[in-house]
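> Predicted structure and sequence below. I'll ask about it afterward.
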Amino acid sequence: MISYAPLWETMKKKKATTYTLRNKGAVYNVGGGTMERLKVGLPISTTTLDAICAILDCDITDIIEYIPNKKQEEQAL
């Protein structure tokens, strides 16, 4: 599972809000719909991830993290 938990921490550290992403993101097409998807953990495109990295001047690991799904781990064994 992909988690956006690091994004919210990065935004807090950089004193950025969802408005910051939407306002600066207008150039990158980061709109309100994208913010709603992030809030509920739905997938977003790599283009959007790239835009958020540019807006926040951060690395991808500052935005997302991978959390292994236990079912997938069990199937791999």
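Cool, got the structure.

> Please give the centre-to-centre distance between the longest helix anywhere in the chain and its chain.
Ranked by number of residues, the top helix in the chain under DSSP state H is helix 46-56. Centroid separation between helix 46-56 and its chain, computed with Cα atoms, centre = their mean, to the nearest Å, is 8 Å.

> Likewise for stretch 20-30?
13 Å.

> which residues are in contact with it?
With contacts defined as Cβ atoms under 8 Å, 6 or more residues apart in numbering, stretch 20-30 is touched by 11, 31-32, 34-35, 48, 51-52, 54-56. From N, CA and C alone the C-beta is placed, and that goes for glycine too.

> gap between the two ends of it?
Terminal residues of stretch 20-30 lie 10 Å apart, using Cα to Cα, to the nearest Å.

> repeat for stretch 3-22
For stretch 3-22, the end-to-end distance is 20 Å (Cα to Cα).

> Now it: buried residues?
Within stretch 3-22, the residues scored as buried using 16 or more other Cβ atoms under 10 Å are 4, 6-7, 10-11, 16, 18, 21-22.

> What is the strand or helix carrying residue 36 packed up against?
In this structure, residue 36 is located in helix 32-40 according to DSSP states H and E. If contacts are counted by 3 or more Cβ pairs under 8 Å, 6 or more residues apart in numbering; DSSP states H and E, helix 32-40 sits against helix 18-24.

> what separates the helix it packs on from the chain centre, distance-wise?
On the basis of Cα atoms, centre = their mean, helix 18-24 sits 13 Å off its chain's mean C-alpha point.
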